[in-house]
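Asker: Would you be able to build a 3D model of this:
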Amino acid sequence: MWMPPGQNQSWVSEFILLGFSSDPTTNRILFGAFLLLYLSSVLGNGLIITLVCLDMHLHTPMYFFLCILSLLDMSYVTTTVPQMLVHLLSQSQTISFAGCWLQMYIFGAVGLTECILFVVMAFDRYVAICYPLRYTVILSWGLCTQLSAGTWACGFFFSLIRTFLTMSLPYCGPNMVNHYICEGPSVRNLACMDTHVVEMVDSVISVLMAVAPLSLTVASYIRIAQAVFKIKSMQARCKAFSTCASHLTVITFFYAPATYIYMKPNSRYSPERDKQISLFYNVFSALLNPVVYSLRNKDIQGAFLRVLGKGRVTW
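Answerer: All right, here's what the predicted structure looks like:
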C-alpha cells in the first residue's frame with residue numbers, strides 16, 4: 001500500500017492482543033472458564049465425528065454433513081482459544097504479523113465454509129422431507145462429496161481475498177488490538193490510511209458468503225414448512241420439525257452475532273461489545289452444536305450406546 005513520502009513510519013512487525021482484562025485474578029478465572037469450554041467443545045464435536053465414522057447407521061448424507069460441521073467447529077475454536085488461554089496466563093500478549101495473518105485467514109475460512117455448509121444441510125433436509133423416496137438418489141455420495149469440497153474451496157478462497165486486503169493495509173502504530181484474536185475489523189481499525197474501499201469489498205464478500213447463503217437457507221425452510229404442514233400424521237409432522245429445529249437453533253446462534261460483527265462499518269466499531277459478541281459464534285456456537293444434536297437426536301444416542309458396547313456396532 002502507498003504511503004505519503006517523507007514520513008518516518010515504524011512498520012508494525014507484531015500485534016498486542018489486549019484480551020478481556022489486565023487483572024491477573026480475573027484472567028485466571030477466565031482461563032478456567034475458557035479451558036472448560038474449549039475442552040467441552042473439542043470432546044463434544046470429536047465424539048460426534050467418532051460416532052459417525054464408527055457406526056454404519058449414521059452413514060447417511062445428513063450425518064456426513066453433521067460430521068463436517070463438527071470438524072469445522074473444532075477447527076474454529078482451536079484456531080483461537082489455545083492462544084487466548086496462553087495469553088491469559090502469560091505476561092506477553094504479542095502475536096507476530098505472520099501469526100496474525102494466519103489466524104485471521106483460517107478463522108475466516110472456517111467461518112465462511114460453515115456459512116455455506118448450512119445451506120447444504122438445509123438442502124439435505126429439504127430433499128429428505130419433500131422427496132423422501134428419492135433422497136438417496138438425489139443426494140448420492142458423489143454429490144455429497146462435491147458439495148463438501150465446494151464449501152471448503154469457496155470458504156478458503158474468499159477468506160484469502162478478505163485477509164489479503166486487510167493485512168496489506170499499512171500498519172505503522174499503534175499495534176494494540178483491542179480483541180482476544182486477530183479479527184478483521186479489529187485489526188483493520190489500526191490501519192494508517194482510509195479503509196473504506198477494503199470495508200466495501202469485505203461487505204460484498206459478507207453478502208455473497210453470509211447473507212446469500214442465509215437467504216437460501218430460509219427459502220429452503222419455507223418450502224420444508226409448506227411440505228410438513230401437508231402431512232396428516234401429527235407424529236410424522238413433529239418428527240420432521242424436530243430434525244429441522246436443531247439445525248435452525250445452530251444457524252441462529254452462529255449467524256446473528258457474526259452478521260452484526262462483519263456487516264457494520266468501522267465507524268460503529270465498539271471493541272468491548274464486539275469481543276463479547278464474537279464469543280457467541282466462536283466459542284459458544286462450537287459448544288452448542290454437539291449438545292443440540294446429541295440431546296435431541298435418538299440416532300446419535302443409539303450410536304453412542306452401541307459404541308460403548310451396550311449394542312452391536314455394525315462396521
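
Asker: Would you enumerate the residues in contact with Val201?
Answerer: Each residue near Val201 by CB atoms under 8 Å, 6 or more residues apart in numbering is listed here: 161-162, 165. Heads up, the C-betas are built off the backbone N, CA and C, glycines and all.

Asker: Sticking with Ile16, tell me its helix or strand.
Answerer: If you go by DSSP states H and E, Ile16 is part of strand 14-17.

Asker: I'd like to know which elements that strand is packed against.
Answerer: Under the contact definition 3 or more CB pairs under 8 Å, 6 or more residues apart in numbering; DSSP states H and E, strand 14-17 sits against strand 94-96, helix 97-130, strand 176-177.

Asker: how deep is Leu36 tucked in, by neighbour count?
Answerer: Look at Leu36: counted by other CB atoms under 10 Å, it has 11 neighbours.

Asker: Can you give me every residue that contacts Asn282?
Answerer: Residues in contact with Asn282 (CB under 8 Å, 6+ apart) are 76-77, 80-81, 181.

Asker: Could you export those residues as JSON lines, including pLDDT?
Answerer: Output for the contacts of Asn282, formatted as JSON lines (pLDDT from 0 to 100):
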{"residue": "Tyr76", "pLDDT": "88"}
{"residue": "Val77", "pLDDT": "92"}
{"residue": "Thr80", "pLDDT": "90"}
{"residue": "Val81", "pLDDT": "92"}
{"residue": "Ile181", "pLDDT": "88"}
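
Asker: now, which of the residues you listed sits nearest Val228?
Answerer: Using CB to CB, Tyr76 is the member of the contacts of Asn282 that sits closest to Val228, with 31.0 Å.

Asker: Go ahead and confirm the closest one touches Gly111.
Answerer: Yes - in this structure Tyr76 lies within contact range of Gly111 using CB atoms under 8 Å: 7.0 Å.

Asker: How much space separates Ala191 from Gly46?
Answerer: Separation of Ala191 from Gly46 (CB to CB, to the nearest Å): 38 Å.

Asker: In terms of neighbours, single out the busier of these two.
Answerer: Neighbour totals were compared for Ala191 and Gly46, and Ala191 leads with 19 against 15 (other CB under 10 Å).

Asker: in which helix or strand would I find the closest residue to that one other than its chain neighbours?
Answerer: Leaving out its chain neighbours, the residue that sits closest to Ala191 by CB to CB, 6 or more residues apart in numbering is Leu169, at 3.9 Å. If you go by DSSP H and E, Leu169 is not part of any helix or strand.

Asker: How about the one 3 residues further on?
Answerer: In the assignment (DSSP H and E), Cys172 maps to no helix and no strand.

Asker: these two touch, right, it and Cys192?
Answerer: Yes - Cys172 is within contact range of Cys192, at 4.5 Å (criterion: CB under 8 Å).

Asker: Now do the contacts for the most centrally placed residue in the chain.
Answerer: The centre of the chain sits closest to Gly111, judged by CA atoms, centre = their mean, with a distance of 3.8 Å. For Gly111, the contact set (CB under 8 Å, 6+ apart) comprises 76, 155, 159, 258, 281.

Asker: next one: Gly19
Answerer: Contacts of Gly19 (CB under 8 Å, 6+ apart): 27, 84, 87-88, 93, 179-180.

Asker: ok, now which ones touch Trp11?
Answerer: Counting by CB under 8 Å, 6+ apart, Trp11 touches 170-172.

Asker: again, 7 Å this time
Answerer: Neighbouring residues of Trp11 by CB atoms under 7 Å, 6 or more residues apart in numbering: 171-172.

Asker: so it is in which element?
Answerer: Trp11 belongs to no helix or strand when assigned by DSSP H and E.

Asker: just the contacts of Gly111 now: which is nearest Phe304?
Answerer: The closest of those to Phe304 turns out to be Tyr76 (CB to CB; 23.2 Å).

Asker: So what's the residue count around the nearest residue to Met121 once chain neighbours are set aside?
Answerer: Distances taken as CB to CB, 6+ apart put Phe65 closest to Met121, at 5.0 Å, once the chain neighbours are dropped. Residues lying near Phe65 (other CB under 10 Å) number 25.

Asker: I'd say Phe65 and Val119 touch.
Answerer: No - with contact defined as CB atoms under 7 Å, Phe65 does not count as touching Val119 (10.5 Å).

Asker: Mutual contacts of those two, please.
Answerer: Joint contacts of Phe65 and Val119 (CB under 7 Å, 6+ apart) do not exist.

Asker: Got phi/psi on Tyr171?
Answerer: phi -120, psi 110 (degrees, to the nearest 10).
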